[in-house]
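K.L.:
Starting from these lines, generate the structure:
(chains A and B)
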Amino acid sequence: MNALRFSLVLIFLCSLAIWQITQIPKSTLYDAIGASFVPKFAVGVFIFFVILYLYQSLTQKLPDIADDKNEKPLKNPVSRIVYFLLGFLLFVLLVKPIGFILSGSLCGLGISKSFDTKISIMSFIISFLIALSVWVLFSVILSVNLGPAFSFKIS
Amino acid sequence: MSNFEQLLNGFGNALTPSILIYGFAGCLAGTLVGVLPGIGPALTIALLLPLTFKAPAVAMFVLFAGIYYGGMYGGSTTAILLNTPGESASVVTSLEGNKMAKRGLAGPALATAAIGSFVAGTIGTIALTFFAPIVVSVALTFGPAEYFSLMVLAAVSVTAVLGNSVVRGMTSLSLGLIIGLVGIDLQSGQPRFTFGGIMELLNGVEVVVAVVGLFAVGDALFLAWQGREKIKKTIIISPKNKWYNWMTKKDWKRSWKPWLRGSFFGFFIGALPTGGAEVPTLLSYYTEKKLSKKPEEFGKGAIEGVAGPEAANNAAAAGVLMPLLTLGIPTSATAAVLLSAFESYGIRPGPTLLTQQSNLVWTLIASLYIGNVILLILNYPLVGIWVKILKIPSQWLYVGVIIISSAGVYGAGRSSFDLALLFFFGLIGYFFRRFDFPAAPLIIGLILGPMAEQSLRQAMIIGMGEWTTFVTRPISATILFIAFVLFLSPFLINFYSKKKKTI
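P.N.:
So this is what the prediction gives:
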């Protein structure tokens, strides 16, 4: 991924936005500007600046941390990102079926692995304790409903 | 009741034990998040938004004010001792502060930062107390056209002044505008950007999800991608003397003028629609460098270079509250989150806030005075405790950040969809950080977009559908002109500097 590729990602977002603009139904109510005016304007501005960014990425060197010798990532950046996203994805998918603490522990395991910590019983225990403390803080002390601590409703 | 009597009344409320506890908790949490890199006051307040359903408004806003001010105080500790600013506004502090610490002057650097923050926070709060009613009296004459123009000014100036590129800033702002428009249009009932009517999108995108995703998940993902956290050596330079011996008579003499000048820059620039603390801190630094009797010390650890910017940073925090409380316009990410906190209580900040919610506003202002005192105590002698927190291994720190962030988002509505959105914003945050896109304009656009649309519609109805209504009204026309000039200024500066080089 470089600035040019990122600008292509932004162009994909532009196309999604254009598609969504065409989906706004017309209202029969009187309105001075209508429901689609501001969205059209916002999307227009977005497209304009994304095209400028694309042009810049083709004609000049745009900032990318990956090119900075003091800041560029060390070995295996993709695998670290994959571990991070995998951990987070597990949390999103499992928080309802297995409860907050176990899904949080699995998420913690993925994230700690993404920071180059070995997957071990010890790292699972630390993740479990962090998830447990957060659940106690939010659910018990602050009365925020995080659902059950543990659940086994896999269906 | 006069403003002074209302302020005294506010002190009466703020000094009740239950409110004091909220204030103390806020200051403590704020200092903690200010000290820890990657977690800021905007994120912390966003995470605590679900609690607004449980606690009274006064208590929560006192808590949030403590977090906001505490974040500003705490940021300087890491900037000085670690050369890692906890907050973007503390970047300038680290320039001289860390050099002082390396010369064995960590104590005076921390002391001038903490006392300067106290002085500036108090001056900023006094200025807020006296200027807010004046701004309100002017704002009461504003109609929807002026409001719309002000929001355009705020959005454009935040984008044009902050960040390194107008193109990237405007891309971020317009993406925020689009995200802010997701959901049912309140006027016509038409769904917009809901991808065929996805139920969870009909109510729009919650600010908390965007803030937490961009700042917490995005930052952690970026740091994981870099993989440099484990090899970073934490060099913490702790002060050697007892805290009460940190500042000599000479240090006081060299600090008091920068504190006052920094407070002036911070409050007045912070109160402008451009907002933010980055500009006043930089301005204060260069002013002190220019006025210093020992300019050769700058770059090697000059105490004026810590005193001025730290004062500017804290006064700006009070300044940013001015447009938020009096006009209902947020000019920083934290102010944007505070605005959603007001909205979750059904309170609309603006010129009528001071009359309709006078108890809340004056208690909040009184708690800022009290918070400053609490923060001086927390930051000056207890610095050793904050230093210990910095020794937590980064991998477990970020596991904690992500699980707390997820809990904050999940707790608001127990929705897995919101967690998936958090994931999406985390990816945006990662790409933004990697390719140098500013994240604050996205948050400002998300909040201001729907508000500006509402004002635009009202102005058009009042103006009988005539677009000229925005330029025929003198205040609106002036504000739009300033916005236009600010938008063009980076391009013009760039053009002229290139021209000068070729000559």
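K.L.:
Please parse chain A into its domains.
P.N.:
For chain A, automatic domain parsing gives the domain ranges A:3-67, A:77-141.
K.L.:
most tightly surrounded among those domains?
P.N.:
Mean neighbour counts were compared across the domains of chain A using mean count of other Cβ atoms under 10 Å in any protein chain shown; the top stretch is domain A:77-141, at a mean of 20. For the C-beta atoms, the positions are set from N, CA and C on the backbone; glycine is no exception.
K.L.:
Off-centre distance for that one?
P.N.:
Counting by Cα atoms, centre = their mean, to the nearest Å, domain A:77-141 is centred 16 Å from the centre of its parent chain.
K.L.:
Is there any residue in it that contacts chain B?
P.N.:
Yes - for domain A:77-141 and chain B, the contact criterion (Cβ under 8 Å from any Cβ of the partner chain) is met by A:77, A:80-81, A:83-85, A:88-89, A:91-93, A:95-96, A:100, A:104, A:107-108, A:111-112, A:114-117, A:126-127, A:130-131, A:134-135, A:138.
K.L.:
Out of the domains of chain A, which gets the lowest mean score?
P.N.:
Per-segment mean pLDDT for the domains of chain A reaches its minimum on domain A:3-67, at a mean of 89.
K.L.:
could I get the domains of chain A as TSV with distance to B:L421?
P.N.:
Shown next, in TSV, are the domains of chain A (distance: least, Cβ to Cβ, whole Å):
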stretch	distance to B:L421
domain A:3-67	15
domain A:77-141	10
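K.L.:
and of those, who's closest to B:M247?
P.N.:
For B:M247, the closest of the domains of chain A is domain A:77-141, at 37.6 Å, according to Cβ to Cβ.
K.L.:
tell me how far the ends of the closest one are from each other?
P.N.:
38 Å (Cα to Cα, to the nearest Å).
K.L.:
residues near B:T287, how many?
P.N.:
19 (other Cβ atoms under 10 Å in any protein chain shown).
K.L.:
Could you double-check that it sits in contact with B:R261?
P.N.:
Yes - counting by Cβ atoms under 8 Å, B:T287 does reach B:R261; the two are 6.2 Å apart.
K.L.:
helix or strand for the spatially most central residue of chain A, which one?
P.N.:
By Cα atoms, centre = their mean, chain A has its centre lying nearest to A:L85, at 8.4 Å. Assessed by DSSP states H and E, A:L85 sits inside helix A:77-98.
K.L.:
what's the angle from whichever helix or strand comes after that helix to helix A:77-98?
P.N.:
Scanning forward in sequence from helix A:77-98 by DSSP H and E, the next helix or strand is helix A:100-114. Inter-element angle recorded for helix A:100-114 and helix A:77-98: 170 degrees (by axes from the mean of the first three to the mean of the last three Cα atoms, to 10 degrees).
K.L.:
which strands and helices sit next to helix A:100-114?
P.N.:
Applying 3 or more Cβ pairs under 8 Å, 6 or more residues apart in numbering or on different chains; DSSP states H and E, we find helix A:100-114 packed against helix A:77-98, helix A:121-135, helix B:218-226, helix B:394-413.
K.L.:
The last one near chain A at all?
P.N.:
Yes - where contact is defined by Cβ under 8 Å from any Cβ, part of helix B:394-413 touches chain A, namely B:394-396, B:398-400, B:402-404, B:406-408, B:410-411.
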